Every structure is written in structure tokens, then in C-alpha cells.
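Asks: Test case, fold it:
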Amino acid sequence: MTDNPSMTIPTLNIEEVVDPLVAEMRVLASKAEKVSIFAPIRTFSKLRNIRKEHLKILNKYETALEDCYAKTAAPTQGPGVAMSFIQTWSLSKGLTATLRLQTTWSDLSALIDRKFTYTTAVLSMYIAVLSLFLTVAFGILSFHRHLPYRKKK
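Replies: Here you go, the predicted structure:
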């Protein structure tokens, strides 16, 4: 009587790493999309907070990506040719999940950068208009002080 070794199907389980992080990125993207660039002072502070959250997710993203690459790079062992299809399917599933993670991160980063750039431009335009207004106002006031007054006799 020979012992038959138990056959284990190799799985990468990258979805366990990717899915929660992708969900977190989508929540942050929805926060960024709700920010309007037409109220730049409030928007600027909201976007700064969103960028801080974005940087916190960056560490998780890099760790998850390293984990995904390590799992897809390590060959899975199985008993012979019967495992080759499962191994290929598992690897392709892992690569798809990794690609989804990278795409979501890229979309999130582009959205936040675009919003921040627009908000900064609108805010700097407001500051330029305010500076121009103050320059004209103080110019008129200083010009008015230097006008010669006629004294009535």
C-alpha cells in the first residue's frame, strides 16, 4: 500500500492584498471628485488633507505591489503536468490583480494631481486679482494725498 500525497492547488491569493487597497483608493478618489475647484480656499485645505491620505496609502501600495510581485515571481510547485494549467491560471489571475492595483493607483494619483493643480491655479488667480485691486486702491489713496490743495482767500 502506497501513500498518496495530498494534492494542493497553488493559489496566489493576491486578491486578498489588492481588493481592500483598491477599495480604499476608490473611497479617496470619490472624496477628491467631490471637491469643487470653484471654491479654492476651502478646496485647497480639503485637497491638502486628501493628499496626506494619498501619501499614507502610498506605503500600503508599495508594500502590496512588492507582495504581488514576490508571489507571481515564485514558481508554484505541483505534481506534474496536471498542475500546469492551474499554475498558469493562478499566475494570470495574480498578474490581472496586480495590473488592476497599478491602474487604480495611477488613476487616483492623476485625479488628485489634476485637482490640486487646478485649485492652485484658481487660488493664485484670486491672489493676483486681490493684489491688483490693493495696488490700485493704495495708488489712488497716495495720489490723492499729493494733490495740491487750493486755499481759498
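Asks: all contacts plus neighbour counts: C-alpha atoms, from now on.
Replies: Will do.
Asks: Please name every helix or strand in contact with the worst-scoring helix or strand of the chain on mean pLDDT.
Replies: Ranking every helix and strand in the chain by mean pLDDT, DSSP states H and E puts helix 84-145 at the bottom, with a mean of 83. Judged by 3 or more CA pairs under 8 Å, 6 or more residues apart in numbering; DSSP states H and E, the packing partners of helix 84-145 are helix 15-34, helix 40-73.
Asks: Please save the CA atoms from the first one in CSV.
Replies: Pointing back at helix 15-34 there. Extracted in CSV, the C-alpha atoms of helix 15-34 (Å, rounded to 0.1, in the frame of the first residue of the first chain):
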residue,chain,number,x,y,z
GLU,A,15,-6.9,39.5,-4.3
GLU,A,16,-6.7,39.4,-0.5
VAL,A,17,-4.0,42.1,-0.7
VAL,A,18,-5.3,44.0,-3.7
ASP,A,19,-9.1,44.3,-3.1
PRO,A,20,-9.0,46.2,0.2
LEU,A,21,-6.4,48.6,-1.0
VAL,A,22,-8.3,49.2,-4.3
ALA,A,23,-11.5,49.9,-2.3
GLU,A,24,-9.5,52.4,-0.1
MET,A,25,-8.2,54.1,-3.2
ARG,A,26,-11.7,54.4,-4.7
VAL,A,27,-13.0,56.0,-1.4
LEU,A,28,-10.2,58.5,-1.6
ALA,A,29,-10.9,59.2,-5.3
SER,A,30,-14.6,59.8,-4.5
LYS,A,31,-13.6,62.3,-1.8
ALA,A,32,-11.3,64.1,-4.4
GLU,A,33,-14.0,64.2,-7.0
LYS,A,34,-16.5,65.8,-4.6
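Asks: Rounded mean pLDDT for it, please.
Replies: The pLDDT scores in helix 15-34 average 91.
Asks: For Val18, see how far away the residue nearest to Trp105 when sequence neighbours are not counted is.
Replies: Leaving aside its sequence neighbours, Trp105 sits nearest to Met25 (CA to CA, 6 or more residues apart in numbering; 7.1 Å). Using CA to CA, to the nearest Å, Met25 is found at 11 Å from Val18.
Asks: got it, and Lys56?
Replies: 16 Å.
Asks: Neighbour count for those two, which is higher?
Replies: Val18 (22 against 11; other CA atoms under 10 Å).
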